[in-house]
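In: Pasting the sequence and the predicted model now:
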Amino acid sequence: MFEATNELGNLVLSTGGTLTDPNAAAALAVGLAALGAGYAERGIGSAAVGAMAEDDDLFVNGLILTVLPETIVILALVVVFIVG
Amino acid sequence: MSAAGSPNPEYVVARVRARRGGLYGDEEYRKLTRMGPAEIARFMEESSYGEEINALGSRHGGVDLIEYALNRNLAEQFDAILDWSEGSLYDLIARYLRKFDAWNVKTVIRGVYTDAEQSAVEVDLIRAGEFDDRRIRRLLEADSIDGVIEILEDTIYGEPLREAYAEFEETDVLVPLENAVDRAFYERLLSGLGGDEPTRQYESFLVAEVDFRNATNALRLARSGADIDPAAYFIEGGDLFTRSSLARLAQNLDELVEYIGDSQYGDELGPALRELEEADSLIAFEHAIDAALLAYGDRLGTIHPVSVTPVISYILAKERETENIRAIARGKEAGLSPDEIESELVIT
């Protein structure tokens, strides 16, 4: 696994590097931010569903809290405009 | 649902916290202590116990109805918690809830021993543990203690019970069997707990519970002055006592009180210990122990909000509520005054 990563890194560096291309790095940033948002929403979402199962009135609050981490992705999108 | 999969504390904790909000508070208890059994049942019907009161209302009445409704509600709530949780969370919760299995096994054995009616035993069971309905039905149908042990052969209670059975046959008292069940439960409770921080806190709570149980047993033995070997009642896993120190301290009440006062629990139990020395009342001390455990449980649930600890904290609070309502109902039946009943309650 680690050797493979090393080789990949060497390859990237020796071929001029796609990842050092600003656009590619910005895309990666957005992707990672989306991954983080997804992970955060997993926990919040399951807690929200649990709370809703006990009390239906919590639907709106649960929904808002669940999608809050999406803001990270929107902030990450800013990077795309700065770079591009 | 099962021990497979990854733990889902977020979901379980959210549901449990919502339910915790519905538990009775000071205000409700004060109202309940001024009601008769029928009014208590009606009050419960309007709160979270409605379903159980309605289901049992046609067959039972009075204090029995309250008692059975409490047992059934407790079982349903805890079963639901086990149902929701997955992975390591399930394992941690099931460890604690197995104490209801131990309770059921003891109840069935006592029922067989006293030739009680099957239905009389059945209502006293709390189906909150891991045993499924099939096993419980088979246990109820067993007509000898040997038969009970046979049904439990593949559980953790099988082997210890089998070993204790010989002693039971010799002496014809249930103590060896009941001790075997308790010990099987406590040994399993603390073995192989995982290593992360919330789990360690859970473990230290369990250790405290074992310590308190040992302390109560030792105090009871020391006060009764009965000629029983204290080591036979010793539960492994605690911090406070070893088998030999418990045996020694149970001979002398003053030394025992001093020893507990100097231990790490001295701060919490100090006032109760002084009261024990002055008023010579063990009841106050046992309440103080319950209150200390409950306060410990409350604190436990706030340090790591997304872990097993809030769930355990809820389980404790719920158990306490059931016991309080039962105490109120039984107190009313015995004709105690509201003030006397209130002194029997454990509220934090």
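Out: Thanks, I have it.

In: how far away is residue B:65 from chain A?
Out: 26 Å (C-beta to the nearest C-beta, to the nearest Å). Just so you know, the C-beta spots here come from the backbone N, C-alpha and C atoms, and that holds for glycine as well.

In: tell me the SS of that residue?
Out: Secondary structure, DSSP: H, G, I helix; E, B strand; the rest coil: residue B:65 is helix.

In: Residue B:54 is in contact with that one, correct?
Out: No. Counting by C-beta atoms under 8 Å, residue B:65 stays clear of residue B:54, with 10.5 Å between them.

In: Up against chain B, what does chain A have?
Out: Residues of chain A found near chain B (C-beta under 8 Å from any C-beta of the partner chain) are A:43, A:44, A:46, A:47, A:48, A:49, A:50, A:51, A:53, A:54, A:55.

In: From those residues, list the buried ones, please.
Out: Applying 16 or more other C-beta atoms under 10 Å in any protein chain shown to the residues of chain A next to chain B, the neighbour count classes A:43, A:44, A:46, A:47, A:48, A:49, A:50, A:51, A:54 as buried.

In: which residues touch the nearest residue to the fifth one once chain neighbours are set aside?
Out: Using C-beta to C-beta, 6 or more residues apart in numbering or on different chains and skipping the chain neighbours, the partner closest in space to residue A:48 is residue A:62 (3.3 Å). Contacts for residue A:62 (C-beta atoms under 8 Å, 6 or more residues apart in numbering or on different chains) come out as A:48, A:49, A:51, A:52.

In: Which two among those residues are spaced furthest apart?
Out: For the contacts of residue A:62, the farthest-apart pair by C-beta to C-beta is A:49 and A:51; their separation is 7.4 Å.

In: which residues are common contacts for those two?
Out: A:62, B:14.

In: that older thread, quick check: the residue nearest to residue A:48 vs residue A:68, distance?
Out: Here residue A:62 is placed at a distance of 11 Å from residue A:68 (C-beta to C-beta, to the nearest Å).

In: same thing with residue B:50?
Out: From residue B:50 across to residue A:68, the span is 36 Å (C-beta to C-beta).

In: for residue B:191, same thing?
Out: The gap separating residue B:191 from residue A:68 is 41 Å, by C-beta to C-beta.

In: Who has more neighbours out of those two?
Out: Taking neighbours as other C-beta atoms under 10 Å in any protein chain shown, residue B:191 and residue A:68 compare with residue A:68 leading, 13 against 10.

In: Please identify the helix or strand for the nearest residue to the more buried one once chain neighbours are set aside.
Out: Of all residues not flanking residue A:68 in the chain, residue A:44 sits nearest, at 7.4 Å (C-beta to C-beta, 6+ apart). Using DSSP states H and E, residue A:44 sits in helix A:22-54.

In: Quick one: neighbours of residue 34, just the number.
Out: I went with chain A, as the question did not name one. By other C-beta under 10 Å, 16 other residues sit near residue A:34.

In: Can you look at chain B instead?
Out: Neighbours of residue B:34 (other C-beta under 10 Å): 12.

In: Could you report the separation of the residue most central in space within chain A from chain B?
Out: Nearest residue to the geometric centre of chain A (C-alpha atoms, centre = their mean): residue A:34, 1.9 Å. According to C-beta to the nearest C-beta, residue A:34 stands 20 Å off from chain B.

In: ok, now which ones touch the residue nearest to that residue when sequence neighbours are not counted?
Out: Leaving aside its chain neighbours, residue A:34 sits nearest to residue A:73 (5.0 Å; criterion: C-beta to C-beta, 6+ apart). For residue A:73, the contact set (C-beta under 8 Å, 6+ apart) comprises A:30, A:33, A:34, A:37.

In: With residue B:184 instead?
Out: Contact partners of residue B:184, counting by C-beta under 8 Å, 6+ apart, are B:102, B:156, B:157, B:160, B:161.

In: and if we set it to 7 Å?
Out: Residue B:184 makes contacts with B:156, B:157, B:160, as judged by C-beta atoms under 7 Å, 6 or more residues apart in numbering or on different chains.

In: Mind putting those residues into JSON lines with distance to chain A and neighbour count?
Out: Listed next are those as JSON lines, based on distance: C-beta to the nearest C-beta, whole Å; neighbours: other C-beta atoms under 10 Å in any protein chain shown:
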{"residue": "B:156", "distance to chain A": "31", "neighbour count": "17"}
{"residue": "B:157", "distance to chain A": "33", "neighbour count": "26"}
{"residue": "B:160", "distance to chain A": "38", "neighbour count": "21"}
